[in-house]
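**Student:** fold the stuff below for me.
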Amino acid sequence: MKQDELNEYMAYDPITGIVTWKKFTSSRAKVGEEVGYVSTDGYRYFGFKGKVLKTHRAIYLMVHGVLPKYVDHKDHDHLNNKIDNLRAATATCNARNQSLQQNNQSGVVGVSWSKSRKKWYAVIWQNSKPIPLGRYSLLEDAVKVRKEAEVKYGYHTNHGK
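**Tutor:** Numbering: from 1, shown residues only. Coordinates of the predicted model:
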């Protein structure tokens, strides 16, 4: 995948974050239509020259001319492909800007309830290793310690939202 090739076949609107076809590529790709489809994982994909690509990665390449290993959506909205919402990221950076998982019961990443000890447990990850932050009787105390650790270890302000 190359920048000039993508820009030859597609047009990107940085205001809307939408990519449309500029050239006819198949019977399904109509000029002026938005490229691709939204998958069950919440990302937009499209087919191009025999490959399936994530649209936000193609956009990053179209605009910047390079394709980093990770392209992160700052606001966690996988369909918000405005260029100011996309950033090059490392695996660590990407992990420090994750959404709150649906099965989270505390409402805060890194804070969970320990049934056996009847306390809230706080933990943060650094260099692929967990750093225990303690056990607390009050959820608010565990949340406070976790949020302080996020600042200390450079987590994105949008992490866990």
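**Student:** contacting residues for the residue nearest to Ala142 when sequence neighbours are not counted?
**Tutor:** Counting by Cβ to Cβ, 6 or more residues apart in numbering, Trp120 is the residue found nearest to Ala142 once chain neighbours are left out, at 3.8 Å. To be clear about C-beta, it is placed using only N, CA and C from the backbone, and glycine gets the same treatment. Going by Cβ atoms under 8 Å, 6 or more residues apart in numbering, Trp120 touches Ser106, Val111, Ser112, Trp113, Ser114, Arg135, Tyr136, Ser137, Leu138, Leu139, Asp141, Ala142.
**Student:** would you format the residues you listed as CSV with distance to Asp4, neighbour count and secondary structure included?
**Tutor:** Output for the contacts of Trp120, formatted as CSV (distance: Cβ to Cβ, whole Å; neighbours: other Cβ atoms under 10 Å; DSSP: H, G, I helix; E, B strand; the rest coil):
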residue, distance to Asp4, neighbour count, secondary structure
Ser106, 48, 17, coil
Val111, 48, 25, strand
Ser112, 49, 15, strand
Trp113, 53, 13, strand
Ser114, 55, 10, strand
Arg135, 56, 14, strand
Tyr136, 55, 18, strand
Ser137, 60, 11, coil
Leu138, 57, 10, coil
Leu139, 53, 16, helix
Asp141, 55, 16, helix
Ala142, 51, 25, helix
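**Student:** okay, helices next: where are they in this structure?
**Tutor:** Per DSSP state H, the chain carries helices over the ranges 3-9, 55-64, 91-95, 139-152.
**Student:** any idea how the protein splits into domains?
**Tutor:** 3-92, 100-152 (automatic domain parsing).
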